[in-house]
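Engineer: build me a model:
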Amino acid sequence: MKKQEFEELKQLTIKELEQKRLELVKRLFEQRTQVKFGQIKNTRVLRNLRKDVARINTLIQQKRLSNIRGGNG
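Structural biologist: Down below sits the predicted model:
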């Protein structure tokens, strides 16, 4: 994920972030399946997808905490 894409994610709502996370998890599952059957040799894709999911999880958590504390998150 590029820095510009990450900055765009920060502007999304929690619901939109959860939808984006769901899309990435589905892609991760598909990529894992392809690696398992030998269709893809580059396993770095899996690592990058896992990191992207973790970044989105972090943003969701930050926004939820911000909302609990009364911020404009």
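
Engineer: can you count the residues close to L59?
Structural biologist: 19 (other Cβ atoms under 10 Å). No exception for glycine: its C-beta is placed from N, CA and C like everyone else's.

Engineer: now name the helix or strand holding it.
Structural biologist: helix 44-68 (DSSP states H and E).

Engineer: show the secondary-structure elements that that helix is packed against.
Structural biologist: helix 3-10, helix 14-36 (3 or more Cβ pairs under 8 Å, 6 or more residues apart in numbering; DSSP states H and E).

Engineer: just how off-centre is it within its chain?
Structural biologist: The chain centre lies 5 Å from the centre of helix 44-68; the measure is Cα atoms, centre = their mean, to the nearest Å.

Engineer: kindly report the same for stretch 7-26.
Structural biologist: Distance, stretch centre to chain centre, for stretch 7-26: 6 Å (Cα atoms, centre = their mean).

Engineer: what do you get for stretch 36-49?
Structural biologist: Distance, stretch centre to chain centre, for stretch 36-49: 17 Å (Cα atoms, centre = their mean).

Engineer: pull out the buried positions in that stretch.
Structural biologist: 46, 49 (16 or more other Cβ atoms under 10 Å).

Engineer: and G70, helix, strand or coil?
Structural biologist: Secondary structure assignment for G70 (DSSP: H, G, I helix; E, B strand; the rest coil): coil.

Engineer: ok, back up a step: so the helix holding L59 versus helix 3-10, what angle?
Structural biologist: Per axes from the mean of the first three to the mean of the last three Cα atoms, to 10 degrees, the angle that helix 44-68 makes with helix 3-10 is 40 degrees.

Engineer: what comes up buried for helix 44-68?
Structural biologist: Buried, per 16+ other Cβ under 10 Å, within helix 44-68: 46, 49, 52-53, 55-56, 59-60, 63.

Engineer: quick one, it and helix 14-36 angle?
Structural biologist: Going by the same axes, to 10 degrees, helix 44-68 makes 160 degrees with helix 14-36.

Engineer: quick revisit: go through the buried residues of helix 44-68 and name the one nearest Q39.
Structural biologist: Among those, L46 lies closest to Q39 (Cβ to Cβ), at 13.0 Å.
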